[in-house]
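Student: how does the following fold in three dimensions:
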Amino acid sequence: MLNKYENIHTTFQKIDEIDLTSRTPFILTVNWDNVKYEFLIRANSSSNELLVFGSGAYDPAKMKPPIFQRHSWTEHFDSNMIYYNDPTLYLGQMSLGWGHGNDDTFFLEKIAKVIEKLMKKMSVKAEDTLFYGSSGGGFMSMILAGYIKGSKALVNNPQTIIPNYYQTHVNRLLEAAHPSLPTEESAKKYVTRLNILEFFKEINYMPYIFYLQNTACDHDVVKHFMPFVRGLNTLKDTLTYNRLTVEMYSNKEQGHNPLELEDTIYYINKVKNTK
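Tutor: As a prediction, this is how the structure comes out:
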């Protein structure tokens, strides 16, 4: 399905040379320190807004990276749009990588730097940039919005503490990302990549987050939503003031799955217009 997109290869240093005048979506592969960072980009020079989409878990039996979930949604928005793949998925057999990276590199930090370069080329300000994602994509959206100060994150049933997720998935990640360390040790050493509150403490900043939670998904509520809300009091008041909006809904059929397209479009438009 991704074969229809042109794939342009470059390096981090040469991103400025990329032509973004066409509205035709294309894949940009950025080779940086022996890691392949892949983006699906749909530029629109008449828009000063940017939507950035992160992906959740995928089915390895049906597809392989790069993963750009919801890439068909470009027809529903006029904004500039960027989808990013998580290079962590190339490290081993896993369906979810949370942008974690390896011993040396936090991949989400590098992804944020690439996006900032693209924002500059698109003449887009951070205040006009919205990161959207559900599940693991929600976790990554909050991290990226933390790196790109002034931007916002819209998240739907996200993970907030990766070790609280299903243990088989967590172990696959940590074993692939840090093969020389026991999983318990790597979970402690890389806690700021695994716990959203610890990350905010490390960068001394919390972005504006619009948090959508399905209360019918007990695992999400007990393991991720409640620990996140309770843990906010461990951050400075100046970091959290006016930084979080929570909207809860209940849908047993959807469970952990995100809201449908129409509802998601509604919230994306609502949050990106929040000043």
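
Student: got the CA coordinates for the helix or strand of the chain with the lowest mean pLDDT in PDB?
Tutor: When the helices and strands of the chain are compared on mean pLDDT, DSSP states H and E, helix 237-240 comes out lowest with a mean of 92. Provided in PDB are the C-alpha atoms of helix 237-240 (Å, rounded to 0.1, in the frame of the first residue of the first chain):
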ATOM      1  CA  ASP A 237       2.600  23.400  40.000                       C
ATOM      2  CA  THR A 238       4.000  25.800  37.500                       C
ATOM      3  CA  LEU A 239       4.500  22.900  35.100                       C
ATOM      4  CA  THR A 240       1.000  21.500  35.300                       C
END
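
Student: can you pull out the helices in the stretch 101-250 of the chain?
Tutor: Counting by DSSP state H, counting those that start in this stretch, the stretch 101-250 of the chain has these helices, from start to end: 107-122, 136-147, 167-177, 183-189, 191-194, 196-203, 218-220, 226-231, 237-240.

Student: TSV for those helices, including distance to K64?
Tutor: Any C-beta I mention is one placed from the backbone N, CA and C, and that applies to glycine too. Below are these laid out as TSV (distance: least, CB to CB, whole Å):
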stretch	distance to K64
helix 107-122	18
helix 136-147	17
helix 167-177	15
helix 183-189	25
helix 191-194	24
helix 196-203	28
helix 218-220	27
helix 226-231	32
helix 237-240	39
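
Student: closest one to Y83 among the ones you listed?
Tutor: helix 136-147 (9.9 Å; CB to CB).

Student: which strands or helices does that closest one pack on?
Tutor: Applying 3 or more CB pairs under 8 Å, 6 or more residues apart in numbering; DSSP states H and E, we find helix 136-147 packed against strand 50-53, helix 107-122, strand 129-134, strand 152-156, helix 196-203, strand 208-214.
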